[in-house]
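Novice: Next comes the sequence, and after it the predicted model I'd like to discuss.
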Amino acid sequence: LENGIGNFTSENLISIGDTFPDFQLPNSNGEMFLLSDYLKNGPIVLFFYRGSWCPYCNLTLKTYQEYLEGIQVLGANLVAISPEYPEKAQETRTKEGLKFEVLTDENNKLASSLGLLFDMGEEVGKTMQGLDIDISDHYGKEHKNVVPVPGLFIIDKHQKVRFSFINANYRERVEPDIIVEQLKAL
């Protein structure tokens with residue numbers, strides 16, 4: 001889909017009913033997080049965010065933190081993923097007071113395998129630099145204008161995707177009440 005500010009092709013997107021691939025990523029402390037290990041304790045609400053430089057992402061992180069206890073009461077865990085370096089993820093965790101895992105998807109490898117990459121294009125990249133936002137400080141120079149699409153998945157204990165929300169419009173996110181409703185339906 002082209003919307004005048006970048007490109008997102010929705011080919012090969014993971015869908016409801018698909019098996020979510022097992023992955024191992026470092027958390028903000030550098031410890032490895034293995035999806036299959038965490039699923040032994042119950043379902044996971046897993047969401048991708050663009051980075052701490054994105055005000056919409058920060059608002060989402062704070063809002064989901066407010067609902068964390070309600071998610072945990074339903075037997076689920078909450079996990080955030082971004083391509084930001086672990087030290088940036090730790091800064092975000094500390095600044096926002098997050099009590100859930102924040103993982104680093106180095107080089108957007110997991111996001112890419114799920115079809116969740118968005119190329120913002122050169123114009124947006126230039127505009128961001130004009131605003132003193134350089135995502136290469138967060139991800140690395142090789143990721144000039146490519147960011148993960150904000151997506152959210154509820155993954156059950158059997159690694160099946162039970163709910164998904166993927167939208168290239170970074171301003172639209174899943175309302176926490178919908179997450180809670182979906183978890184209750186599991």
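Specialist: Cool, got the structure.

Novice: Please make it C-alpha for all contacts and neighbour counts, starting now.
Specialist: OK.

Novice: Strands of the protein, start to end?
Specialist: Taking DSSP state E, the strands of the chain run over residues 24-26, 32-34, 44-48, 77-82, 101-104, 117-119, 146-148, 151-155, 161-166.

Novice: out of those strands, deepest packed?
Specialist: Most buried of the strands of the chain by mean neighbour count (mean count of other C-alpha atoms under 10 Å) is strand 101-104; its value is a mean of 26.

Novice: Return the set of residues that bridge with the residue nearest to the spatial centre of the chain.
Specialist: Compute the mean C-alpha point of the chain, and by C-alpha atoms, centre = their mean the closest residue is F48, 0.9 Å away. Counting by DSSP bridges, F48 forms beta bridges with I81, G151.

Novice: Tell me who's in contact with it.
Specialist: Listed by C-alpha atoms under 8 Å, 6 or more residues apart in numbering, the contact partners of F48 are A80, I81, S82, A111, P148, V149, P150, G151, L152.

Novice: Tell me the pLDDT of it.
Specialist: F48 is assigned a pLDDT of 95 by the prediction.

Novice: same check, this time on N167
Specialist: 84.

Novice: Quick one: low-confidence residue ranges for the protein.
Specialist: Scanning the chain for pLDDT under 70 picks out 1-11, 120-144.

Novice: count of neighbours near L39?
Specialist: For L39, the count of nearby residues is 17 (other C-alpha atoms under 10 Å).

Novice: Skipping adjacent residues, who's closest to D119 in space?
Specialist: V146 (4.4 Å; C-alpha to C-alpha, 6 or more residues apart in numbering).

Novice: measure the one you found to S52 for me?
Specialist: 15 Å (C-alpha to C-alpha, to the nearest Å).

Novice: Many thanks, I have nothing further to ask.
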